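**Q** need coordinates for the following:
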Amino acid sequence: MEEFENQQGTREKLLRAILTEFNEGRSKSFFCIAAAVLEIGELESVLENAREKSKRLDIKAKSQVMHSLLNEIADNRNYLLRLRK
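**A** Next up, the predicted model:
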């Protein structure tokens, strides 16, 4: 149980960083789903990679970079990072 709590805490920290740095106001659900579904190592890698690729970009462009990186991983795993209605 303690390990699970630690993993969830790590996911929460990563999600907060993603929302703070890459949310343009319309991507919160997408980022929340990604944080819940993808592996912690993948999230850490994507966050680091997105930070490198989005230096000096505006928030909208930063968000597009993050979306593309997350979608690339999701596509490789045959995941769909969307809410079903």
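**Q** poorly predicted segments of the protein, please.
**A** Within the chain, no stretch has pLDDT under 70.
**Q** other residues contacting the longest helix seen in it?
**A** Looking across the chain with DSSP state H, the single longest helix is helix 2-22. The contact list for helix 2-22, computed with CB atoms under 8 Å, 6 or more residues apart in numbering, reads 28, 31-32, 34-36, 40, 43-44, 47, 50-51, 54, 59, 62-63, 65-66. For glycine as for every other residue, the C-beta is placed from the backbone atoms N, C-alpha and C.
**Q** same question for stretch 24-31.
**A** With CB under 8 Å, 6+ apart as the test, stretch 24-31 has contacts from 15, 18-19, 22-23, 59-60, 62-63, 66-67, 70, 81-83.
**Q** kindly recompute the last result at 7 Å.
**A** Here stretch 24-31 makes contact (CB atoms under 7 Å, 6 or more residues apart in numbering) with 15, 18-19, 23, 59-60, 63, 67, 81, 83.
**Q** let me have the residues you listed in JSON lines, adding distance to D75 and neighbour count as columns.
**A** Output for those, formatted as JSON lines (distance: CB to CB, whole Å; neighbours: other CB atoms under 10 Å):
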{"residue": "L15", "distance to D75": "21", "neighbour count": "18"}
{"residue": "I18", "distance to D75": "18", "neighbour count": "24"}
{"residue": "L19", "distance to D75": "22", "neighbour count": "14"}
{"residue": "N23", "distance to D75": "21", "neighbour count": "16"}
{"residue": "I59", "distance to D75": "24", "neighbour count": "13"}
{"residue": "K60", "distance to D75": "22", "neighbour count": "10"}
{"residue": "S63", "distance to D75": "18", "neighbour count": "23"}
{"residue": "H67", "distance to D75": "12", "neighbour count": "18"}
{"residue": "L81", "distance to D75": "10", "neighbour count": "19"}
{"residue": "L83", "distance to D75": "18", "neighbour count": "9"}
